[in-house]
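Engineer: attaching a predicted model along with its sequence, questions to come.
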Amino acid sequence: MSVTELGGALRAASPRGALLCHIGQGTSRLARAAATADVRPTDLAQADAAPPPGTGDGPLDLVAVLAGSITDLRRAVPVAAGLPEAARVLVCVRSPATARRPPLPALPDAGRWTGLLDVRVRRSVGWGWTADLFFESPVSVAEVLAGVARGFLGGRRGTAPAPPAETAGPDAGLWRPGEVPLRAAGGSGRELASEVLPEAGEGTGDRGAPPRRSLAEGSWERIGSPGAADLCSPLPSVGDVPPVDERVVNPVGFVRGCSSVVGRLVCREGRWVLVAGGRERWRVPDDGSVTDVDVAAVRDLRAVRVEWGRHSGPLAAVRAVAALAVAGVPVVSSGVPVWAGCLGGSLVGLMGSVSVAGLADAQVREEFSVRLRRAALGSHSVAARWRGSAVRAGVGPVPVASVSVVLCTRRPEMVGFALRQVGRQRGVDVEVVLALHGFGAGVPGVREAVEGFRASGGRLVVWEAPGEWVFGAVLNGAVARASGSLVAKMDDDDWYGPDHLSDLVWARRYSGADLVGTAAEYFYLEPLSLTVRWDTFSECFAEHVSGACLLTDRTLLEEVGGFRPLPVNEDAALLEGARAAGAAVYRAHGLGHVIRRAGRGHTWLERTGFFLRDRGTQWRGWRPSALLESDPGDAPPGEAGGPAGAPERATPSGQSTSD
């Protein structure tokens, strides 16, 4: 849609009038060009959930919203709750990240959209994507914006939770990203906070709380030099920093292959800018906001080095660094000033733990990215921040994610190993449903493993499944005995890192996908004593994920009829059913999982030679990723030495040892 077309639509909106709104970089100029004598542009970034002057309380013919990015569109949603209803809503997103899908609106409540007459979605040069929706009668503009945003992001589930209403004020747009705010009619703060809690477990880091004053008015934002921060009292904490909207600024789109260019986050003429390759990639706004477009512009960099110096204020720098870390962009710093301690201790420590030269190794860079995003998501995401708000509101601690792991085995000798892999999981509340397929719990070795797991505090349900049942049916029987809100599938002979389940829960959160998993990426070939890593794509939406690493919710399993009652390929059939039901499937990183390939006994029927195709990297011996945090006691026979995290690898990453 051109400026002329938008102006014509605004003039044609009669007799009830029109409203033109904009938010984000580059939109004010376009809004001014499209404005008419009767319709002047309104900056939603400056609004506080209140109708602009002159709009009145009645519905309008048209509300047009220009957003600079998907991030800006989600920031506009809570503010738009104060706008008049409209019979036509026109949404223009000027510069969405290229990896995003078209904004086909996701309809959250079919009962509210029965009056939809027409939807027109198109892409044009200079304007990005435009979604034009026509209704029989006026509807909530905020709900339409939320639907369009969900269309960009994919998935059938909702987006970020609405934060408490106490965050009204000039910084409200920073604290309330992405969803229609709840309207509490005279309710207490305790009642409101209980309504806005994110899914259990989605936030395991520092528990901050919304500020009790405007960040724009605080003395610590306008410090002239890092040393001056020592004079400020009190220093800002993690909870003083507005959260990062992880549904748009996240690891989706992370690339392993990168250039040798290192970006620099520096302050020039009072503004933080990111410079790379001798040119300015983007300027950080005064409030420190980072959008999906900004992240896409630096994905190819090896790293971003933060150069703390004279600045316009720590808020912009801290928010930008936190957002880049949430997105998995490798951020390094040789030293962090005292006032930047509000990044959180774990994040600060990681930023100084690796050199730019060390990140030249693609695997080291990816491992660092995963550690960095874990720390940032746990401290600076919307989910983490509003968990802190719940504590501040007095509703008590929020439980971590409840995940039921279905573990089915025909091999009594593998029960102890499998339970140890589940028992080492952290950051989630784990229940294990152990299906003993064709043998009983009294078999030697099984009883001891079960008793040991329970003695360590693990929750365990043991079910003796009939031996004549096929594997898919046994999995369904295990799911029926699970009590967790999420269900994960793990194999009895594979290795799993301690953050495997936590990473999947976070991936489900930031991707919005209905089913998440990892790629089949790392293999240990026992007959050859060889570790293989396939070259594959991760942190992306995909049609297939490893059947040994599935995580979804019970609702989806019920909708698709669970696993197919098949002896093999039951996981592929589940994925096919999920896609047919309209579910989004997301593939997270595979650094925390190694698939064991013995000589026989697998449901994945491939010969050893299949895994030796020229499609990746090979190492002699046991060489998993450092993120597996391999326990030497569970290493393959004869391979107790040289686990991941050891000072040296047998061969450099990326160097093949195959003949």
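Structural biologist: Nice, thanks for sending it over. Residues are numbered from 1 along each chain as shown.

Engineer: would you list every one of the strands in the stretch 251-400 of the chain?
Structural biologist: Secondary structure of the stretch 251-400 of the chain (DSSP state E, counting those that start in this stretch): strands at 262-268, 271-276, 279-283, 303-306, 331-332.

Engineer: ok, now the stretch 501-650 of the chain?
Structural biologist: Ranges of strands in the stretch 501-650 of the chain, per DSSP E, counting those that start in this stretch, are 515-518, 522-525, 530-534, 540-541, 550-553, 585-588, 593-597, 616-620.

Engineer: strand partners (parallel or antiparallel) of the first one?
Structural biologist: Just to be clear, that refers to strand 515-518. strand 550-553 (antiparallel), strand 585-588 (parallel) (DSSP bridges).

Engineer: could you do the third one as well?
Structural biologist: Applying DSSP bridges to the sheet, strand 530-534 is found paired with strand 522-525 (antiparallel), strand 616-620 (antiparallel).

Engineer: how about residues contacting stretch 6-20?
Structural biologist: The contact list for stretch 6-20, computed with C-beta atoms under 8 Å, 6 or more residues apart in numbering, reads 31, 33-36, 38-42, 52, 55, 58-64, 66, 83-84, 86-88, 90, 92. No exception for glycine: its C-beta is placed from N, CA and C like everyone else's.

Engineer: wait, stretch 409-417
Structural biologist: 418, 434-439, 443-446, 448-450, 452, 492-493, 601, 634.

Engineer: in helices, which of the residues you listed fall?
Structural biologist: Applying DSSP state H to the contacts of stretch 409-417, the entries found in helices are 418, 446, 448, 449, 450, 452.

Engineer: pull the most distant pair out of those residues.
Structural biologist: Using C-beta to C-beta, these reach their maximum pairwise distance at 418 and 448, which is 13.7 Å.

Engineer: the more surrounded of these two?
Structural biologist: It is residue 418, of residue 418 and residue 448, that has more neighbours when counted by other C-beta atoms under 10 Å, with 24 against 11.

Engineer: circling back: switch the strands of the stretch 251-400 of the chain over to a markdown table; also include mean pLDDT, mean neighbour count and distance to residue 237.
Structural biologist: What follows is these, written out as a markdown table (pLDDT from 0 to 100; neighbours: other C-beta atoms under 10 Å; distance: least, C-beta to C-beta, whole Å):
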| stretch | mean pLDDT | mean neighbour count | distance to residue 237 |
| --- | --- | --- | --- |
| strand 262-268 | 91 | 18 | 22 |
| strand 271-276 | 89 | 18 | 21 |
| strand 279-283 | 87 | 13 | 27 |
| strand 303-306 | 95 | 23 | 19 |
| strand 331-332 | 96 | 24 | 20 |
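
Engineer: need these in TSV (columns: distance to residue 144).
Structural biologist: Putting these into TSV (distance: least, C-beta to C-beta, whole Å) gives the following:
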stretch	distance to residue 144
strand 262-268	36
strand 271-276	33
strand 279-283	29
strand 303-306	36
strand 331-332	36
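
Engineer: out of the ones you listed, flag the one nearest residue 618.
Structural biologist: If you check each of the strands of the stretch 251-400 of the chain against residue 618 by C-beta to C-beta, strand 303-306 wins as the nearest, at 27.2 Å.

Engineer: just to revisit the earlier point, could the strands of the stretch 501-650 of the chain go into TSV alongside mean pLDDT?
Structural biologist: Shown next, in TSV, are the strands of the stretch 501-650 of the chain (pLDDT from 0 to 100):
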stretch	mean pLDDT
strand 515-518	96
strand 522-525	91
strand 530-534	90
strand 540-541	92
strand 550-553	96
strand 585-588	94
strand 593-597	91
strand 616-620	84
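
Engineer: for the longest strand along the chain, buried residues please.
Structural biologist: Scanning the chain for the longest strand, with DSSP state E as the assignment, gives strand 128-139. For strand 128-139, the neighbour count (16 or more other C-beta atoms under 10 Å) marks 128, 129, 130, 131, 132, 133, 135, 138, 139 as buried.

Engineer: ok now the helix or strand just after it, how far from the chain's centre?
Structural biologist: Remark: after strand 128-139, the chain's next helix or strand is helix 141-153, criterion DSSP states H and E. Chain-centre distance of helix 141-153: 18 Å, with C-alpha atoms, centre = their mean, to the nearest Å.

Engineer: angle of helix 141-153 against strand 128-139?
Structural biologist: Counting by axes from the mean of the first three to the mean of the last three C-alpha atoms, to 10 degrees, helix 141-153 lies at 150 degrees to strand 128-139.

Engineer: what's the neighbour count on residue 338?
Structural biologist: Residues contacting residue 338 under the criterion other C-beta under 10 Å number 13.

Engineer: any idea how far it is from residue 60?
Structural biologist: Distance from residue 338 to residue 60, counting by C-beta to C-beta, to the nearest Å: 50 Å.

Engineer: do residue 86 as well
Structural biologist: Residue 86 sits 5 Å away from residue 60, going by C-beta to C-beta.

Engineer: cool, and residue 362?
Structural biologist: According to C-beta to C-beta, residue 362 and residue 60 sit 53 Å apart.

Engineer: of the two, who's got more company?
Structural biologist: The neighbour comparison of residue 362 against residue 60 (other C-beta under 10 Å) goes to residue 60, with 21 against 16.

Engineer: which residues touch the more buried one?
Structural biologist: Going by C-beta under 8 Å, 6+ apart, residue 60 touches 13, 16, 17, 18, 19, 84, 85, 86, 87, 138.

Engineer: same thing with residue 72?
Structural biologist: Per C-beta under 8 Å, 6+ apart, neighbours of residue 72: 23, 24, 25, 27, 93, 291.

Engineer: returning to what we had before: between the strands of the stretch 251-400 of the chain, which gets nearest to residue 526?
Structural biologist: Across these, residue 526 has its closest neighbour in strand 303-306 (36.8 Å, C-beta to C-beta).

Engineer: burial measure for residue 11, as a count.
Structural biologist: Neighbour tally, residue 11, other C-beta under 10 Å: 13.

Engineer: could you look up the SS state of it?
Structural biologist: Look at residue 11: counting by DSSP: H, G, I helix; E, B strand; the rest coil, its state is helix.

Engineer: from the chain's centroid, how far away is stretch 289-309?
Structural biologist: Centroid separation for stretch 289-309 versus its chain: 17 Å, with C-alpha atoms, centre = their mean.

Engineer: oops, could you answer that again for stretch 251-265 instead?
Structural biologist: Chain-centre distance of stretch 251-265: 18 Å, with C-alpha atoms, centre = their mean.

Engineer: please save the CA atoms from that stretch in PDB.
Structural biologist: What follows is stretch 251-265, C-alpha atoms only, in PDB (Å, rounded to 0.1, in the frame of the first residue of the first chain):
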ATOM      1  CA  PRO A 251      17.000 -17.300  19.000                       C
ATOM      2  CA  VAL A 252      14.700 -18.000  16.000                       C
ATOM      3  CA  GLY A 253      17.000 -17.700  12.900                       C
ATOM      4  CA  PHE A 254      20.300 -18.300  14.700                       C
ATOM      5  CA  VAL A 255      22.900 -19.100  12.100                       C
ATOM      6  CA  ARG A 256      26.000 -21.300  12.700                       C
ATOM      7  CA  GLY A 257      27.900 -20.000   9.700                       C
ATOM      8  CA  CYS A 258      29.000 -16.400  10.300                       C
ATOM      9  CA  SER A 259      31.400 -13.900   8.900                       C
ATOM     10  CA  SER A 260      34.700 -12.900  10.700                       C
ATOM     11  CA  VAL A 261      33.300  -9.400  11.300                       C
ATOM     12  CA  VAL A 262      32.900  -8.400  15.000                       C
ATOM     13  CA  GLY A 263      30.400  -5.700  15.800                       C
ATOM     14  CA  ARG A 264      31.000  -3.000  18.300                       C
ATOM     15  CA  LEU A 265      28.300  -1.400  20.500                       C
END
